[in-house]
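Chemist: When you get a sec, could you give me coordinates for this:
(2 chains)
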Amino acid sequence: MPEAAGRPLPGAREALEVPGTVQEALPNALFRVELQAGKGASVVAHVAGDSSLLRLRPGDAVVVEIAPYDAGRGRIVRRR
Amino acid sequence: MSVQKSWRELQTMARACRIVVDTLDALEAAAVPGTTTMEMDRIARERIEKAGARPAFLGYRGYPATLCISINEEVVHGIPGPRRLREGDIVGLDLGCIVDGFFGDAARTVAVGHVSDEATRLMKVTREALFAGIDACHPGKRVGDIGHAVQSHAERHGYSVVREFVGHGIGTSLHEEPQVPNYGPPGRRERLVAGMCLAIEPMVNVGRAEVEVLGDGWTAVTRDRSLSAHFELSVAVTPLGPWILSEPYPYEQAEAANA
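Modeler: Model (predicted):
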């Protein structure tokens, strides 16, 4: 039975917010962020909204949102 | 729960899927001129319950029946009733069941008696599109690769794919993440990982892609009232590729050769 497209699913999993540290700035306003939790695990993250986040430097402490499916990608939501 | 299923959970899903497909076989045999769609629903419910499973659609978001039965220009979600099947109809049969808390979901479109060449071709192409999508189910590929495979195949034959309804993850619920559209660019959307289970279900129209839902709140029909077909299978992504859960696990020999 097909699902109606686009509607969020009941019990849909939210993106996960985790603390991390900026490792390096990549092209296109992307950053590699090392996660505090996993042993050296890192994600490639873009920044959310706030343009002050664009000036992140390696070593800055941030909070990243990780998509429930693609654990390799994230979104920097704020500094911490 | 996690979207990845254990080997043991996959075995349970496979049992549910086999019951669904066996029941579809029986329904296909019963799809002759004169049978009412209500009668088809009764057959479906009896077979599922006899197999020790529970109907998955009955009561789902208020759906009133065991079977979805969608005739000709009806795309999906047709509700069984007093309507009789007629020679020349093509009939979408969509069915799900629950075994030990796990869902199986499958659909196919069948011919009632002799049908037009166009109808035969539509069913063939839609079924092929489903298998093109299944072939994309390897770990490391993405959900968008499935949709792209389905869409390319259908459109190559001059047909259109429905956008308003999509396939879905399946497991301890009928609809889990991720959504699995039958269209879109390759390489996008969620990455496929071993243990994911997806219900892939192309809905393909002879005419335009747009659909509308009738006054009953369920039955979706093509807006231009052109013929539509629907095929669906539940598939597990395994390290070696797709496992159509209603069929035996296909990689036993390959694994033995590697061991």
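Chemist: from here on, contacts and neighbour counts on C-alpha atoms
Modeler: Fine.
Chemist: So what's the residue count around the closest residue to B:P64 other than its chain neighbours?
Modeler: Among residues not flanking B:P64 along the chain, B:L58 sits closest, at 5.6 Å (CA to CA, 6 or more residues apart in numbering or on different chains). Other residues lying near B:L58 total 17 when counted by other CA atoms under 10 Å in any protein chain shown.
Chemist: pLDDT at B:L58, what is it?
Modeler: Note on B:L58: pLDDT of 95.
Chemist: element containing it?
Modeler: Using DSSP states H and E, B:L58 falls within no helix or strand.
Chemist: Helices of the stretch 51-200 of chain B, start to end?
Modeler: B:117-135, B:143-156 (DSSP state H, counting those that start in this stretch).
Chemist: before we move on, what SS does B:L27 have?
Modeler: helix (DSSP: H, G, I helix; E, B strand; the rest coil).
Chemist: Just give the nearest non-adjacent residue to it, would you?
Modeler: B:M40 (6.5 Å).
Chemist: Can you get me a residue count around that neighbour?
Modeler: Counted with other CA under 10 Å, B:M40 comes out at 23.
Chemist: What parts of the stretch 101-250 of chain B come near chain A?
Modeler: B:105-107, B:163-168, B:175-177, B:179, B:181, B:190-191, B:201 (CA under 8 Å from any CA of the partner chain).
Chemist: for chain B, what are the low-confidence residue spans?
Modeler: B:1-2 (pLDDT under 70).
Chemist: Quick check: the residue of it nearest chain A.
Modeler: B:F165 (4.6 Å; CA to the nearest CA).
Chemist: can I assume that residue is in contact with B:H77?
Modeler: No. Using CA atoms under 8 Å, B:F165 makes no contact with B:H77, being 10.4 Å away.
Chemist: Contacts only, for the residue in chain A that chain B sits nearest to.
Modeler: Closest residue of chain A to chain B, CA to the nearest CA: A:A4 (4.6 Å). Applying CA atoms under 8 Å, 6 or more residues apart in numbering or on different chains, we find A:A4 in contact with B:164-166.
Chemist: In TSV: those, plus neighbour count and distance to B:I134.
Modeler: Shown next, in TSV, are the contacts of A:A4 (neighbours: other CA atoms under 10 Å in any protein chain shown; distance: CA to CA, whole Å):
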residue	neighbour count	distance to B:I134
B:E164	18	20
B:F165	24	18
B:V166	23	15
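Chemist: Please narrow those to those residing in strands.
Modeler: By the criterion of DSSP state E, membership of those in strands covers B:165-166.
Chemist: ok so, going back, look up which residues are beta-bridged to the residue of chain B closest to chain A.
Modeler: A:A4 (DSSP bridges).
Chemist: which ones are touching it?
Modeler: A:2-5, B:181.
Chemist: swap in B:S173?
Modeler: Contacts of B:S173 (CA under 8 Å, 6+ apart): B:102-103.
Chemist: before we move on, the earlier item: between the contacts of A:A4, which is closest to B:N72?
Modeler: B:F165 (17.2 Å; CA to CA).
Chemist: Return the distance of that closest one relative to A:E3.
Modeler: According to CA to CA, to the nearest Å, B:F165 and A:E3 sit 5 Å apart.
Chemist: For chain A, which segments count as strands?
Modeler: A:3-4, A:16-26, A:30-35, A:42-47, A:61-66, A:73-79.
Chemist: Low-confidence ranges, chain A, go.
Modeler: For chain A (pLDDT under 70), the answer is A:7-15, A:38-40, A:50-51, A:68-71.
Chemist: how about 80 then?
Modeler: A:6-16, A:37-41, A:49-55, A:67-72 (pLDDT under 80).
Chemist: center of it - which residue?
Modeler: A:G74 (2.3 Å; CA atoms, centre = their mean).
Chemist: ok, it touching A:A48?
Modeler: No. In terms of CA under 8 Å, A:G74 does not count as a neighbour of A:A48; the distance is 9.9 Å.
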